[in-house]
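A.B. asks: sequence first, predicted model second:
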Amino acid sequence: MEYVYAAMLLHEGKRPINEENMLQVLKAAGINADPIRVKALVASLAEVNIDEAIKSAPGFSPAPVSAAPAPTVEEKPKEEKKEEKKEEKKEAEALEGLGALFG
């Protein structure tokens, strides 16, 4: 499967899918590539329109993955609320200490 992924990476990067590039990608991923398998995959992909193959794959929808929306001012995570309360408490204690200096 890693050989197919390497080919897809090359395709996505607009690089030619040849044996040399495939071996470089696999080596960069720390995979000891079998040159015979690489050669066979490159030969089998030579006449394939990869974009069309991806579009026509059953069960594959190339819809972009959206990130979760960032929290708004009202939707602060609980951790941030706790940190704010701690900071407010520290500020109040500091002000009380300053009041003792002048009082």
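C.D. replies: Everything's here; your move.
A.B. asks: any low-confidence regions in the chain?
C.D. replies: For the chain, applying pLDDT under 70 flags the ranges 59-79, 92-103.
A.B. asks: let's see 80
C.D. replies: Low-confidence segments of the chain, defined by pLDDT under 80, are located at 54, 57-103.
A.B. asks: and the strands in it?
C.D. replies: Secondary structure of the chain (DSSP state E): no strands located.
A.B. asks: what ranges do the helices span in it?
C.D. replies: Counting by DSSP state H, the chain has helices at residues 2-12, 19-28, 35-45, 50-55, 78-102.
A.B. asks: any chance of those in CSV, with mean neighbour count too?
C.D. replies: The C-beta positions use only the backbone N, C-alpha and C, and glycine is treated the same way. Converted to CSV, these look like this (neighbours: other CB atoms under 10 Å):
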stretch, mean neighbour count
helix 2-12, 16
helix 19-28, 16
helix 35-45, 14
helix 50-55, 11
helix 78-102, 9
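A.B. asks: residue 38: what's it in contact with?
C.D. replies: 3, 19, 22-23, 26 (CB atoms under 8 Å, 6 or more residues apart in numbering).
A.B. asks: quick one: which of the residues you listed is nearest to residue 37?
C.D. replies: residue 3 (5.9 Å; CB to CB).
A.B. asks: now the nearest residue to the closest one once chain neighbours are set aside: how far from residue 23?
C.D. replies: With CB to CB, 6 or more residues apart in numbering as the criterion, residue 3 has its nearest non-adjacent residue at 5.1 Å, and that residue is residue 41. Distance from residue 41 to residue 23, counting by CB to CB, to the nearest Å: 11 Å.
A.B. asks: can you check residue 56 too?
C.D. replies: On the measure of CB to CB, residue 56 and residue 23 end up 29 Å apart.
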